[in-house]
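J.: From the sequence below, what's the structure:
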Amino acid sequence: MEASGGPSTTGLKKVRLTCHAWRRIVDESRLLFDQLAYTIRSEDLDRDFAPRCRLPVYSVSIFTSNFIIVNHWWSDLGANLSHLYLRHCHFSLPMIAGMLRQTPNLNNLGFKDIVLLPPVAWNGTAVSFRLEKLSHFSLSNIPDPLAKLMRRLICPRLKCFGCAWDVSAPQDDEQLIIDFFRDSQDTLKTTRLTPTVNMLAAISSLNRLQLQDVTFWCDSNQIEHLLNFTRKQASIEKLSLLDLALPELVVLQICANLPALTHLTVNLDYVPIWQPSSLFELAPNLEYLKVNIMGFAKFATHDNYREYRTKTVGDFRDCNAPRLREINLTDIYPSTNLQSFLRQCPNLHTVLLDLACDDFSNLTSTLPLGQLRTLTLRSLTILTPLPSNLGPYENLRRLVLYHVRTSKATLTQLLTACPNLEELVLCWIAGDVQVRLICERFARLKQLELHQCPITDRSVDALLLADCRARAADPARLLRAVASGTSAPAEYDQVSVR
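T.: Sure thing, here's the model as predicted:
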């Protein structure tokens, strides 16, 4: 099991069935036990329902199911449960309260898109109950009575709280969210939240709260409150501000407010030239940077998106980011000084470019390909052939080409220059010839994804043959290949070679 990197869930179940000794090894090993998960989909959970899985699983996910009667099986399943996630489910308040009382080891709890069954008005909502070990809790699109019931939870170890809150819905009580933050301010470190102005003001006033990882879905009316929030929460290390285009000066002020900032995800208002040298100066500890320019493109539909994409030139002159590990740029056309900047980042290993350009043929002069381990190119065009002496880029382990417009010859040239790939994702551009090349050249390949590629059953046959040869040479090697939306026969539309 060590040689193959650990068994899959299916393999673990088979190991457990081998004999009593192996069953005891799996059940008593937390490392192995934590890999066991159970999923229930589209079921009526009534008297006739019995879980197909009788193992003491640690994780249960239930989708699109109706909870009618669960008493006869839930107590056994919930006793060891650590993770519980419910989505598109129907249940009553007394039932979910009873289920949670039978999960004393619950660590992670999530509700999304829930519909309540009668009785909706239930006196038990006034009863508090404890989940001593709960550290991660998320709510999204749930009825107000369920939110009030969840408010009765006592979670003395809560570290992460997330809530996608419909601020336009009149029944949503923002005070419930504020109460969660107030009661958990001594332990809470991470939040994913759609905040209102009142929430931001209340959270900012909590003196003992020291958040480290924050994701907000905001609007333009909250900018001043966001600035005040970052001034009060100087402990933040990771910050993602989504659904909101910020002026560059606001982003710089946020960086100045957060001296410990290491991860930043922001959308910028359109500027013709973006010079991030001041950003790196104000946030010298940045390890991850994701920037998206939101200009006219945010008003365009998917069909005419390319027509309306803005073009912002990224000028990386005088930039210094010695701790940078990953950079993600969308709708920013990098100048040639990007390469010299990235070469000065000794820890850099990942680059994603989603460019507003018609021809990105200066790929090799813009990116330090020999330095990277992961490269993602998205929604761009490479018309001019690449240099004949391309590569080899022996450090590159993961390559993603998503909606890249280029010739098959250029694609073949780029793939040939990356001999040590372990993961490869291609959309639109790979054909049977490229798949055969992949099968022949990439001895380290573990995962291959082909989306909307014009391949046939010849590619499937080549993948099956390549996997058989690889496993004959090295039994520990696993190759997972997935093809979707291709021109292969229907039975090959979802292919897994393991």
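J.: where along the stretch 301-450 of the chain do the helices fall?
T.: Counting by DSSP state H, counting those that start in this stretch, the stretch 301-450 of the chain has helices at residues 305-308, 337-343, 363-366, 408-416, 432-441.
J.: Which helix or strand in the chain has the lowest average pLDDT?
T.: The least trusted helix or strand in the chain, going by mean pLDDT, DSSP states H and E, turns out to be helix 9-16, with a mean of 50.
J.: Tell me how many other residues surround the residue lying closest to D315 once chain neighbours are set aside.
T.: The spatial neighbour of D315 that comes closest, neighbours along the chain excluded (Cβ to Cβ, 6 or more residues apart in numbering), is Q275 at 4.8 Å. Quick note: C-beta positions are derived from backbone N, CA and C, even for glycine. Q275: 15 surrounding residues under other Cβ atoms under 10 Å.
J.: who's in contact with Q275?
T.: By Cβ atoms under 8 Å, 6 or more residues apart in numbering, the contact list for Q275 reads 315-317.
J.: what does V115 give?
T.: 89-90, 143.
J.: When you compare pLDDT across the residues you listed, which one is lowest?
T.: In terms of pLDDT, P143 ranks lowest among the contacts of V115, with 88.
J.: Phi first, then psi, for that residue.
T.: Taking degrees, to the nearest 10, you get phi -70, psi 150 for the backbone angles of P143.
J.: Looks like it contacts I114 (just checking).
T.: Yes - in this structure, P143 is within contact of I114 by Cβ atoms under 8 Å, at 6.5 Å.
J.: Compare these two (neighbour count), which wins?
T.: Using other Cβ under 10 Å, the more surrounded residue of P143 and I114 is I114, with 19 against 15.
J.: Disregarding residues adjacent in the polypeptide, which is nearest to that one?
T.: I142 (4.7 Å).
J.: what do you get for P419?
T.: P392 (5.6 Å).
J.: contacting residues around that neighbour?
T.: Listed by Cβ under 8 Å, 6+ apart, the contact partners of P392 are 417-419.
J.: closest to G78 among the residues you listed?
T.: Ranked by distance to G78 (Cβ to Cβ), the contacts of P392 are led by C418 at 47.4 Å.
J.: Which residues are in contact with the residue lying closest to the closest one once chain neighbours are set aside?
T.: Closest residue to C418 apart from its sequence neighbours, by Cβ to Cβ, 6+ apart: L396 at 4.7 Å. Shown in contact with L396 (Cβ under 8 Å, 6+ apart): 369, 372-375, 418, 420-421.
J.: picking up where we left off before, tell me the predicted confidence for the residue nearest to P419.
T.: Confidence at P392, expressed as pLDDT, is 92.
J.: quick one: low-confidence ranges for the stretch 101-250 of the chain?
T.: Applying pLDDT under 70 to the stretch 101-250 of the chain flags the ranges 121, 123-127, 166-172.
J.: where along the stretch 301-450 of the chain do the strands fall?
T.: 312-314, 326-330, 332-334, 350-354, 374-378, 381-382, 398-402, 405-406, 423-427, 447-451 (DSSP state E, counting those that start in this stretch).
J.: quick one: the helices in the stretch 151-300 of the chain?
T.: Secondary structure of the stretch 151-300 of the chain (DSSP H, counting those that start in this stretch): helices at 174-183, 197-204, 223-232, 248-257, 277-282.
J.: Who are the packing partners of the second one?
T.: Read it as helix 197-204. Secondary-structure packing of helix 197-204 (3 or more Cβ pairs under 8 Å, 6 or more residues apart in numbering; DSSP states H and E): helix 174-183, helix 223-232.
J.: Neighbouring strands of whichever strand in the chain runs longest in the sheet, and parallel or not?
T.: If you go by DSSP state E, the chain has its longest strand at strand 238-246. Its sheet considered, strand 238-246 pairs with strand 213-217 (parallel), strand 263-269 (parallel) by DSSP bridges.
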